[in-house]
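Chemist: Would you be able to build a 3D model of this:
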Amino acid sequence: MLIFDVSTKPMKPFYPLTFEPIFKERIWGGTKLKDYLNKPISSEITGESWELSTVPESISVVNNGELKGKNLNELIDLYPKEILGKEVFNQFGKQFPLLFKYLDAKTDLSIQLHPNDELAKARHNSFGKTEMWYVMQADENARLIVGFKENSSKEAYLQKLESNDILSLLNEIPVKKGDVFLLETGTIHAIGAGIVIAEIQQTSDITYRIYDWDRVDANGNKRELHTELAIDAINYKTTAAKKEYTATENKRTSIVDCPYFKTNIIPLNGEISINKNDDSFMVLMCTEGSFEMHLNDEKYMYQTGDTVLIPAVLTSFMLRGKTTLLEITVLATNARIIT
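Modeler: Model (predicted):
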């Protein structure tokens with residue numbers, strides 16, 4: 001299928017898209033995005049690389065091929081069904097529904113949570129923020145905070161918060177490379193020090209920060225907390241956020257399947273062919289190694305830290321290499337792997 005610019009001048013067929021990473025300095029950030037993921041960061045406190053985003057003021061711009069220089073919203077406006085997919089367009093219109101990031105936590109992130117769709121819409125005119133984490137690298141003794149140790153209550157939470165003892169209620173989980181977590185809205189959480197994570201989430205930047213370790217920024221100021229907003233947004237029950245799975249070489253294994261996105265893991269050692277329908281776009285996140293994509297007699301090469309948006313109209317291609325990939329879609333695409 002050919003694409004056309006606004007002057008109807010024919011262009012090459014659609015192709016896999018990559019984007020300029022958008023780097024975010026954070027008080028808790030470090031340099032692992034360069035050390036592990038080959039990102040050209042210049043700051044010693046880079047906490048996030050936004051790989052695919054349509055969040056206002058942080059809209060991803062294509063950095064390869066004939067569409068280089070166009071941003072993601074512009075592409076979707078011109079070619080909504082071709083980029084997003086027929087079913088995604090039917091559900092979301094011209095909105096890109098997900099946000100993709102890599103995170104480097106040199107120190108602990110704040111303890112926080114995100115509101116559900118209803119609260120986020122009413123308070124911020126935004127989506128909620130269900131998200132998943134894939135642990136790409138973890139130092140010895142690294143841990144995450146996810147939810148409560150036991151079912152709690154608003155009253156118990158506020159009492160511990162006021163006495164600066166909130167940690168005694170929360171569940172700390174040791175982590176290692178390959179661990180997967182699904183954080184549903186309302187779940188209190190924090191990424192601990194010494195972890196690099198691939199994060200897939202709804203398109204939203206709404207966060208309620210409830211505790212920040214009493215630290216201050218370079219100007220001696222503490223970061224804002226959102227105690228009142230958080231009270232009615234918290235899920236006070238325990239949650240089974242960690243997802244267990246067994247991956248098989250050259251096979252797709254489901255690791256997260258929620259109403260907002262589906263994620264498979266592909267440990268690739270050799271080559272596979274993928275055939276799918278055009279209901280949804282697909283995103284590949286390269287968490288280690290390198291691979292090639294063969295499509296329409298063209299070869300595209302990728303390495304650790306690359307994130308690739310495959311427009312929905314691209315329904316058949318081959319992957320070759322030694323790598324671990326996360327494959328993300330919004331709806332079931334009936335993709336199948338042929339060894």
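Chemist: Can you report how many residues neighbour Asp232?
Modeler: 11 (other C-beta atoms under 10 Å). C-betas here are computed from N, CA, C, even on glycine.
Chemist: nearest residue to it other than its sequence neighbours?
Modeler: In this structure, Asp232 finds its nearest non-sequential neighbour in Leu119, 7.3 Å apart by C-beta to C-beta, 6 or more residues apart in numbering.
Chemist: Run a quick neighbour tally on the one you found.
Modeler: Count around Leu119 with other C-beta under 10 Å applied: 19.
Chemist: In which helix or strand does it reside?
Modeler: Using DSSP states H and E, Leu119 maps to helix 117-124.
Chemist: what about that helix, distance to the chain center?
Modeler: Computed by C-alpha atoms, centre = their mean, to the nearest Å, the chain-centroid distance of helix 117-124 equals 21 Å.
Chemist: Same question for stretch 76-87.
Modeler: The answer for stretch 76-87 is 20 Å, by C-alpha atoms, centre = their mean.
Chemist: and if you look at stretch 207-215?
Modeler: Offset of stretch 207-215 from its chain centre (C-alpha atoms, centre = their mean): 21 Å.
Chemist: Give the rounded mean pLDDT of it.
Modeler: With pLDDT averaged residue by residue, stretch 207-215 scores 92.
Chemist: Then stretch 154-161?
Modeler: Computed over stretch 154-161, the average pLDDT equals 95.
Chemist: before we move on, what about stretch 237-248?
Modeler: Stretch 237-248 comes out at a mean pLDDT of 96.
Chemist: How about that stretch, which residues are buried there?
Modeler: By 16 or more other C-beta atoms under 10 Å, the buried positions in stretch 237-248 come out as Thr239, Ala241, Lys243.
Chemist: Can you show me the strands along the stretch 201-339 of the chain?
Modeler: Assigned by DSSP state E, counting those that start in this stretch, the stretch 201-339 of the chain shows strands spanning 208-211, 253-257, 262-275, 282-295, 298-303, 307-310, 316-329, 336-338.
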